[in-house]
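Trainee: Got a sequence here, can you build the structure:
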Amino acid sequence: QLQLAESGGGLVQPGGSLTLSCAGSGFTRDDYALGWFRQVPGKEREGVSCISGNGGSTEYADSVKGRFTISRDNAKNTVYLQMNNLKPEDTAVYYCAATPIMFRVCLLIGPQFEYWGRGAPVTVSA
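Mentor: Numbering: from 1, shown residues only. The predicted model follows:
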């Protein structure tokens, strides 16, 4: 059974950086598209970034473009989210997700992601 586990969340000051990791287990293939989503209590889940199954395509929400970078290491079954110049509005629980579709191009459409981690809280505050 495919499982995802996020790590690296925590408290950071505005303008700081944080890297989230998501390790997968139970993968039978290394071409799943991987994504990061976030959610603030009382608000809808928001797509943050995704990377296609072949690693050749990435997508970012407008709110994080130029600040966040997604990458993957297939040998480790791990996807990363490097977050720089963090802002208080980035505070949320961050979830990683995987889908066997979206091999060439990924889209930040939550319902199309089949597998989800339990989330890692990120708090940006002085």
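Trainee: Now for the residue most central in space within the chain: which residues touch it?
Mentor: Of all residues in the chain, the one closest to the mean position by Cα atoms, centre = their mean is Trp36, 2.1 Å from it. Contacts for Trp36 (Cβ atoms under 8 Å, 6 or more residues apart in numbering) come out as 20, 22, 47-50, 70, 79, 81, 94-97. Every C-beta, even on glycine, is put in place using the N, C-alpha and C of the backbone.
Trainee: what about it, helix or strand, and which?
Mentor: Assigned by DSSP states H and E, Trp36 falls within strand 33-39.
Trainee: could you point out which element follows that strand?
Mentor: Using DSSP H and E, the helix or strand that directly follows strand 33-39 along the chain is strand 46-51.
Trainee: Burial check on Val12, number of neighbours?
Mentor: If you count neighbours by other Cβ atoms under 10 Å, Val12 ends up with 17.
Trainee: Who does it form a beta bridge with?
Mentor: Beta-bridge pairing for Val12 (DSSP bridges): Val124.
Trainee: and Arg104, what does it touch?
Mentor: Contact analysis of Arg104 by Cβ under 8 Å, 6+ apart lists 52-54, 56-57.
Trainee: Now do the strand holding Trp36 against strand 46-51: the angle between them, please.
Mentor: Put simply, strand 33-39 runs at 160 degrees to strand 46-51, going by axes from the mean of the first three to the mean of the last three Cα atoms, to 10 degrees.
Trainee: buried set for strand 33-39?
Mentor: 33-38 (16 or more other Cβ atoms under 10 Å).
Trainee: same thing with stretch 83-93?
Mentor: Using 16+ other Cβ under 10 Å as the test for burial, stretch 83-93 gives 83, 86, 90-93.
Trainee: thinking again about what came up before, in CSV, list the buried residues of strand 33-39 along with distance to Phe113.
Mentor: As requested, the buried residues of strand 33-39 are arranged in CSV below (distance: Cβ to Cβ, whole Å):
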residue, distance to Phe113
Ala33, 8
Leu34, 9
Gly35, 6
Trp36, 10
Phe37, 8
Arg38, 13
